[in-house]
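Visitor: below are the sequence and a predicted model; questions follow.
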Amino acid sequence: MVLNGELRADAGELSRIAIHELFHFVWIRLGNPVRRSWEDLLRCQLKQGARGELGWSAGQRLRGLRPGDLQRRTRRWREYVCESFCDSAAWAFGILRNHEEFTLEAACRAERRRWFAELWRHHEGVFPI
């Protein structure tokens, strides 16, 4: 992983980007049941009309979804799910509380924070990072 040197001058942005990238490694080590749990959370949020995301990566992929992607679990959907996980982790564990890319509504943010807290509680001592 290589990060732009200019990020040294912006601790918040460095934190957000580095944590996002780190959590790509976490994602692949979580196992299918945990990844499906995250996917189920996103599915519920979208069905309830949630708008926004917690980063550019997830937001771009969300906007690129086509009708049927969610139901068929297409590659576009699965890439969105992964990017949403990483952007959400960067929001949850980073030092920034506000950012122009944090557009997800407060209730959905709270659900995601609870999901991460539950993951941490169940994997304390063996969390794959």
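Guide: Yep, that arrived.
Visitor: tell me, what residue is most central in the chain?
Guide: What sits nearest the mean C-alpha location of the chain, by C-alpha atoms, centre = their mean, is residue 85, with 2.4 Å.
Visitor: go ahead and confirm that residue touches residue 27.
Guide: Yes. With contact defined as C-beta atoms under 8 Å, residue 85 reaches residue 27; the gap is 5.6 Å. Bear in mind the C-beta positions are built from the backbone N, C-alpha and C, glycine included.
Visitor: give me the low-pLDDT residue ranges for the chain?
Guide: Scanning the chain for pLDDT under 70 picks out the ranges 1-9, 123-129.
Visitor: would you list every one of the helices in it?
Guide: 11-29, 32-47, 56-63, 69-72, 75-93, 106-122 (DSSP state H).
Visitor: pick the most buried one from these.
Guide: Compared across the helices of the chain, helix 75-93 shows the largest average neighbour count, a mean of 21 (mean count of other C-beta atoms under 10 Å).
Visitor: which residues sit against that helix?
Guide: Applying C-beta atoms under 8 Å, 6 or more residues apart in numbering, the contact partners of helix 75-93 are 15-17, 19-21, 23-24, 26-27, 35, 38-39, 42, 53-62, 64-66, 69-70, 99, 101-102, 109, 112-113, 116.
Visitor: again, only using 6 Å
Guide: 16, 19-20, 23-24, 27, 38-39, 42, 54-55, 57-58, 61-62, 65, 69-70, 112-113, 116 (C-beta atoms under 6 Å, 6 or more residues apart in numbering).
Visitor: with that, I have no additional questions.
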